[in-house]
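Peer 1: Below is the structure, and that's it, no one-letter string:
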């Protein structure tokens, strides 16, 4: 199962205190890494780094490294995909995250961003953390 996590998921997951659903998500991804493939764009990591302490970002990086995640460089994602999502009304940063999801052929894009939640007809499922956990833990 291929996943794209929005930057807000990483920021919440590696901040203190960590909400319990994020603890469950991080544990699930760590314990079941053969079940999930995490796709992370470089600009997502840049935003995460800007919003976390150095120590918290180090923990985030160690988590990704342990899962074998190699960041996708932004230039690898088609500019046309980003433009497609901007034309749909996504803000530029959100358009890149959505474009990354499509480019990576993600099954799920997980976000707590309310701007993502009212979208339909996307090539991946948009879920909040709690909804994703309900799907995979059932």
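Peer 2: Great, that's in hand. These figures come from a predicted structure and were not determined experimentally. Numbers count the residues shown, from 1 in each chain.
Peer 1: Name the next helix or strand downstream of the helix or strand bottoming out on mean pLDDT in the chain, please.
Peer 2: Within the chain, no helix or strand scores below helix 114-117, which has a mean of 70 by mean pLDDT, DSSP states H and E. Going down the chain from helix 114-117, the next helix or strand is strand 125-127, by DSSP states H and E.
Peer 1: list the helices and strands that following strand packs on?
Peer 2: The contact analysis (3 or more CB pairs under 8 Å, 6 or more residues apart in numbering; DSSP states H and E) places strand 125-127 against strand 108-110. Every residue, glycine included, has its C-beta placed from N, CA and C.
Peer 1: helices or strands up against the strand it packs on?
Peer 2: Helices and strands touching strand 108-110, by 3+ CB pairs under 8 Å, 6+ apart, are strand 2-5, helix 92-103, strand 125-127, helix 129-137.
Peer 1: Tell me which of those lies nearest to residue 32.
Peer 2: helix 129-137 (8.4 Å; CB to CB).
Peer 1: for the protein, which spans come out with low pLDDT?
Peer 2: For the chain, applying pLDDT under 70 flags the ranges 115-118.
Peer 1: again, only this time at 90
Peer 2: Across the chain, the ranges flagged by pLDDT under 90 are 16-19, 32-34, 88-93, 113-122, 137-138.
Peer 1: residues near residue 25, how many?
Peer 2: 23 (other CB atoms under 10 Å).
Peer 1: Same question for residue 120.
Peer 2: By other CB under 10 Å, 5 other residues sit near residue 120.
Peer 1: for the closest residue in space to residue 72 that isn't next to it in sequence, what are its contacts?
Peer 2: The shortest distance from residue 72 to any non-neighbouring residue, by CB to CB, 6 or more residues apart in numbering, is to residue 41 (5.0 Å). Going by CB atoms under 8 Å, 6 or more residues apart in numbering, residue 41 touches 4, 71-74, 77, 96-97, 100.
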